[in-house]
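A.B. asks: mind folding the following:
(2 chains)
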Amino acid sequence: MSISCRIGLLRLADSAPVLVARSMGFFDRHGLDVEPVIVPSWANIADGLVWNGLDGAVMFPPLAIMTALGQRGRPVALRPGLPVSRGGNMIVLRGQAEAQAQWQSGRDKHTAFTNWAQSLGRKPRLGVVHLYSTHYLILTRFLQDHAICRDTETEIVIMPPSSMIQALATGEIDGFCAGPPWGADACLKNLAFVVAGSAQVMPGHLEKILTLRDQWASENPDGAARLYAAVRDAAALCNQPAHAAEITKLLSAPLNAEGLDLPYEALKRIMPGTPDAPDAMLFDTQPRSTRSSCGWMIEDMQREGWLTPTQLGTLSQLGWYND
Amino acid sequence: MKVLLADENSHRAGALARLLEAEATLDVILLDDATSLIDAVRHHMPDIVLVDISRADRDALDSVRALSASGQERPVALFVDEDDESLMEDAFAAGVCSYNVLDTPVKDVKPLLRSAIALYRRFRETNAELLAARKTLSERETIDRAKILFMKQERCKEEDAYRWFRKQAMQQARKIIDVARDYLAHQNRTPSP
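C.D. replies: Here you go, the predicted structure:
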């Protein structure tokens, strides 16, 4: 009998390995019956893991960590699981060619940002996908690098990645940091220009992981190994430019046709191996040391005041941290 | 006590409002389409917010306490009753959750959340019935299409076509709908003579 598993996903291009594994029959081959559950926002991923709606999820480490620690109600044992992707998020700001040219010509980015902010006539409202996200931490570092104070000089607005385009178009936000392909989509729609890819701010940073509830893993003794094997195979396939066209088609298919309903042209610009695309996705399931994977995030999270020393102990037991 | 209902399904929101308004102590406000959840919470300052979990803008409510810029005077947080795990699981399974101002007592939130769970479940069941009905309808259409094609190919009458599909289904121990689907798929692959 095959092992069933409900994996939570958002409408993001870096969810691709799970969808590819399903459509190519990798899960079947490993004796798994995986149900990808596409949810509208990150809160739904966290709540699903806590309140028994999901067995695992493709998500970023900070939210997995805060969920594991009980920040969404009760603690739920989650471990670092399988790395899935690196980089791929984009920081974009409102404006067209002229604003972009100004940004690029200015050598001093602090002045460039201040000039851009002044042109808005209000404190810039910047969207991030969740408070406990790599995006929030990366945007914070980007602003710090340019000597901009996040808390006094910008206003942070939380919304799911798939809402960013609409919010930019209606003027609810003036820029955002979000996962693929939404940054590329904003540029294609002439709503915004790129100021940094997340890989420029934090080179090679771990982005998505596949995490599983300990409870599911203990109920299905070799389930995790099988699931990781299937997703590893799918991730390797996603990295091959020869498969890019096929995967782009899959991701842009409607939700009821096993796709993610993502914008096709934007996807084409960020598929792994796309030439002249510094912000293209990169799938990488190779495990690294705990410190090099999540070390910087945990340091930043401590600086934000999200973690107490006792919680660090719990995190080290779950394999997120070692000192 | 002020209760804000945030549900894009206006039919369901209306039903829940009527249910709660029966309680005289409750002041029920419906969120209109044009307002974001966070703006409505700022504006109305409710004690309790009942939210359809699929509303993407509920994530903004999770962060108001942490984001200094939000300027919220009475921040709300996701309601969690750790001592009543089944209530929590039922709520998320039904598709509803509750946020409340920190000083709202748990005993005030629970009955409201329970009413919402019951109502959301009822809507979900009705929806499932509708989907099932729609599925039956589309299955019948598929069988009809297969029958018509068979009649054309074999130059026979409808009863003969139906009998043929029924016989195939019995012999293969499968459902007629599956045989009909296979037949249509096969005919589409085979070029007509």
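
A.B. asks: so which residues of chain B form helices?
C.D. replies: Along chain B, counting by DSSP state H, helices occupy B:10-21, B:37-44, B:58-62, B:85-94, B:106-154, B:158-172, B:176-189.

A.B. asks: over to the stretch 151-300 of chain A?
C.D. replies: Taking DSSP state H, counting those that start in this stretch, the helices of the stretch 151-300 of chain A run over residues A:164-169, A:182-188, A:198-201, A:214-219, A:223-238, A:244-252, A:264-270, A:290-303.

A.B. asks: just name the most buried of these.
C.D. replies: For the helices of the stretch 151-300 of chain A, the largest average neighbour count (mean count of other C-beta atoms under 10 Å in any protein chain shown) is found in helix A:182-188, namely a mean of 24. Using the backbone N, CA and C atoms, a C-beta is placed for each residue, glycine as well.

A.B. asks: near chain B, anything from that helix?
C.D. replies: No. Helix A:182-188 stays clear of chain B (C-beta under 8 Å from any C-beta of the partner chain), getting no nearer than 13.2 Å.

A.B. asks: pLDDT on that helix, on average?
C.D. replies: For helix A:182-188, mean pLDDT is 96.

A.B. asks: what helices and strands are in contact with that helix?
C.D. replies: Packing partners of helix A:182-188 (3 or more C-beta pairs under 8 Å, 6 or more residues apart in numbering or on different chains; DSSP states H and E): strand A:90-94, helix A:164-169, strand A:175-178, strand A:192-197, helix A:264-270.

A.B. asks: what are the phi and psi values at residue B:31?
C.D. replies: phi -80, psi 130 (degrees, to the nearest 10).

A.B. asks: do you know the pLDDT at the residue nearest the centre of chain B?
C.D. replies: For chain B, the residue nearest the mean C-alpha position is residue B:124 (5.2 Å; C-alpha atoms, centre = their mean). Residue B:124 is assigned a predicted lDDT (pLDDT) of 86.

A.B. asks: who's in contact with it?
C.D. replies: When contacts are counted by C-beta atoms under 8 Å, 6 or more residues apart in numbering or on different chains, residue B:124 is found next to B:94, B:95.

A.B. asks: chain B is nearest to which of the helices and strands packed on helix A:182-188?
C.D. replies: helix A:164-169 (9.4 Å; C-beta to the nearest C-beta).

A.B. asks: quick check, residue A:95 in contact with residue A:190.
C.D. replies: No. At 9.4 Å, residue A:95 and residue A:190 do not qualify as touching, with contact defined as C-beta atoms under 8 Å.

A.B. asks: between the two, tell me which one has more neighbours.
C.D. replies: residue A:95 (21 against 10; other C-beta atoms under 10 Å in any protein chain shown).

A.B. asks: so who does the more buried one touch?
C.D. replies: Contact analysis of residue A:95 by C-beta under 8 Å, 6+ apart lists A:103, A:116, A:119, A:192, A:193.

A.B. asks: what do you get for residue A:290?
C.D. replies: Here residue A:290 is in contact with A:80, A:319, A:320, A:321, A:322 (C-beta under 8 Å, 6+ apart).

A.B. asks: what stretches of chain B score poorly on pLDDT?
C.D. replies: Low-confidence segments of chain B (pLDDT under 70): B:65-73, B:190-193.

A.B. asks: spell out which parts of it neighbour chain A.
C.D. replies: Chain B comes close to chain A at residues B:36, B:53-60, B:62-63, B:66-69, B:78, B:80, B:82, B:85, B:88-89, B:91-93, B:97, as judged by C-beta under 8 Å from any C-beta.

A.B. asks: quick one, which of those residues are buried?
C.D. replies: B:36, B:53, B:55-60, B:62-63, B:66-67, B:69, B:78, B:80, B:88, B:91-93, B:97 (16 or more other C-beta atoms under 10 Å in any protein chain shown).

A.B. asks: for the residue nearest to residue B:57 when sequence neighbours are not counted, grab the count of nearby residues.
C.D. replies: Residue nearest to residue B:57 in three dimensions, not counting chain neighbours: residue B:37, with 4.5 Å by C-beta to C-beta, 6 or more residues apart in numbering or on different chains. Neighbours of residue B:37 under the rule other C-beta under 10 Å: 20.

A.B. asks: who's in contact with residue A:210?
C.D. replies: Going by C-beta under 8 Å, 6+ apart, the list of residues near residue A:210 reads A:7, A:18, A:56, A:57, A:58, A:81, A:82, A:84, A:227, A:228, A:231.

A.B. asks: any idea how far it lies from residue A:272?
C.D. replies: 17 Å (C-beta to C-beta, to the nearest Å).

A.B. asks: ok, residue A:149 - contacts?
C.D. replies: Residue A:149 sits next to residue A:143 when contact means C-beta under 8 Å, 6+ apart.
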